[in-house]
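Enquirer: Got a sequence here, can you model it:
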Amino acid sequence: MPDFLAFNTPIQDAQIVFLGIPFDGTSVFRSGSRFAPEAIRSVSEVLETYSPYQEKDLSEYRICDAGDLPLLFGNTEKVLSIIEEKADELLAKGKRIIACGGEHLITYPLVKSYLKKFPNLKLIHFDAHTDLRTHYLGEKYSHSTVIRLLAEYIDPKDIYQFGIRSGEKEEMDWGMKNTRFFPFTLEGFAEKISDIGQEIPIYVTIDLDVLDPSCFPGTGTPEPGGVTFIELLSALLELRNRNTVGADVVELAPDYDQSKISSITAAKVIREMALLMSQS
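Expert: Residues are numbered from 1 along each chain as shown. Model prediction:
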């Protein structure tokens, strides 16, 4: 499998590492997000390395495609441990990580690792779903519980949630009371993160089902009423000149969109996110 776009810097020289994490072991509706890293690489050849939105080219930056983590199914806690250990290793070498899931649970070990290095980290979360359940079908570790799990390690007021339009009442109530909870749209994004200082480290997690399924059907839990690609991109561009130290892009399930438009959209989000991180 070729590298993603121009992510061909040797890892020892790279500033940013692109890491595929092909895990969807807790998906219960439409699984298949484990195929996303491969799909994103395969469609990236149709994209230019240049972003007209940012007037920057990926070839100007030191980014490595480190391939996919080898992960076994059947032991979720072991998988989470493997992801955290890999993140620890990369962060210890001074790298910044942009991860490609896989399901949203991969964010849990990644952010846990980041918090060891950046204890004042802020988490920006784009999603259709709250992901604030305490358990799902009896399981603590689930793509539906990932943000609630992280609230055990990070002050909930350091979690900024955008685009949420689905969740149980208890989740919605908990989010509105405890996190920086901005449901339904991305309007006023810049103002809503204005209290985050320019030097404060930021981790961005993008669950692609924040996008409306009319433009992004290739996901495991499509939720009508989402934002457009341009609305998501406009919010991300507000992170220019911010200290974005890490990110993940999750929940593309490519087999549910044979047109490959969802995969191309995901690849474009990764391109823009990588450029934002490179300029931090």
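
Enquirer: Alpha carbons of stretch 171-181, as CSV, please.
Expert: This file holds the C-alpha atoms of stretch 171-181, laid out as CSV (Å, rounded to 0.1, in the frame of the first residue of the first chain):
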residue,chain,number,x,y,z
GLU,A,171,-25.8,11.9,28.2
MET,A,172,-27.2,15.2,26.9
ASP,A,173,-27.9,16.4,30.4
TRP,A,174,-24.4,15.4,31.6
GLY,A,175,-22.8,17.1,28.7
MET,A,176,-24.7,20.3,29.0
LYS,A,177,-23.8,20.4,32.7
ASN,A,178,-20.2,19.3,32.6
THR,A,179,-18.5,19.8,29.2
ARG,A,180,-18.4,22.8,26.9
PHE,A,181,-21.4,21.4,25.0
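
Enquirer: List the buried residues of it.
Expert: Judged by neighbour count (16 or more other Cβ atoms under 10 Å), stretch 171-181 contains these buried residues: 171-172, 174-175, 179-181. C-beta here means a position set from N, CA and C on the backbone, and glycine is covered the same way.

Enquirer: so where's the stretch 1-150 of the chain shaky on pLDDT?
Expert: Residues of the stretch 1-150 of the chain meeting the criterion pLDDT under 70: 1.

Enquirer: Can you tell me which of the buried residues of stretch 171-181 end up in helices?
Expert: 171-172, 174-175 (DSSP state H).

Enquirer: Turn these into a markdown table, columns for distance to Phe23 and pLDDT.
Expert: Shown next, in a markdown table, are those (distance: Cβ to Cβ, whole Å; pLDDT from 0 to 100):
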| residue | distance to Phe23 | pLDDT |
| --- | --- | --- |
| Glu171 | 23 | 96 |
| Met172 | 27 | 96 |
| Trp174 | 26 | 97 |
| Gly175 | 25 | 97 |
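
Enquirer: so Gln161 touches Lys122, yeah?
Expert: No - look at Gln161 against Lys122 with Cβ atoms under 8 Å: they stay out of range, at 11.9 Å.

Enquirer: joint contacts of those two?
Expert: Common contact partners of Gln161 and Lys122 (Cβ atoms under 8 Å, 6 or more residues apart in numbering): none.

Enquirer: closest to Arg96 among the ones in helices among the buried residues of stretch 171-181?
Expert: Nearest to Arg96, judged by Cβ to Cβ, of these is Gly175 at 27.9 Å.

Enquirer: show me where the stretch 51-200 of the chain has strands.
Expert: Taking DSSP state E, counting those that start in this stretch as the criterion, the stretch 51-200 of the chain contains strands spanning 56-57, 63-68, 96-101, 122-126, 159-162, 180-182.

Enquirer: Dump these into JSON lines; add distance to Leu90 as well.
Expert: Formatted as JSON lines, the strands of the stretch 51-200 of the chain follow (distance: least, Cβ to Cβ, whole Å):
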{"stretch": "strand 56-57", "distance to Leu90": "23"}
{"stretch": "strand 63-68", "distance to Leu90": "8"}
{"stretch": "strand 96-101", "distance to Leu90": "6"}
{"stretch": "strand 122-126", "distance to Leu90": "19"}
{"stretch": "strand 159-162", "distance to Leu90": "23"}
{"stretch": "strand 180-182", "distance to Leu90": "28"}
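
Enquirer: okay, now Lys260: neighbour count?
Expert: 15 (other Cβ atoms under 10 Å).

Enquirer: what do you get for Leu72?
Expert: Leu72: 10 neighbours (other Cβ under 10 Å).

Enquirer: is it true that it touches Gly25?
Expert: No - contact criterion Cβ under 8 Å: Leu72 and Gly25 do not qualify, at 9.2 Å.

Enquirer: Can you pull the residues that touch both of the two?
Expert: Residues within reach of Leu72 and of Gly25 at once, by Cβ under 8 Å, 6+ apart, are Val79.
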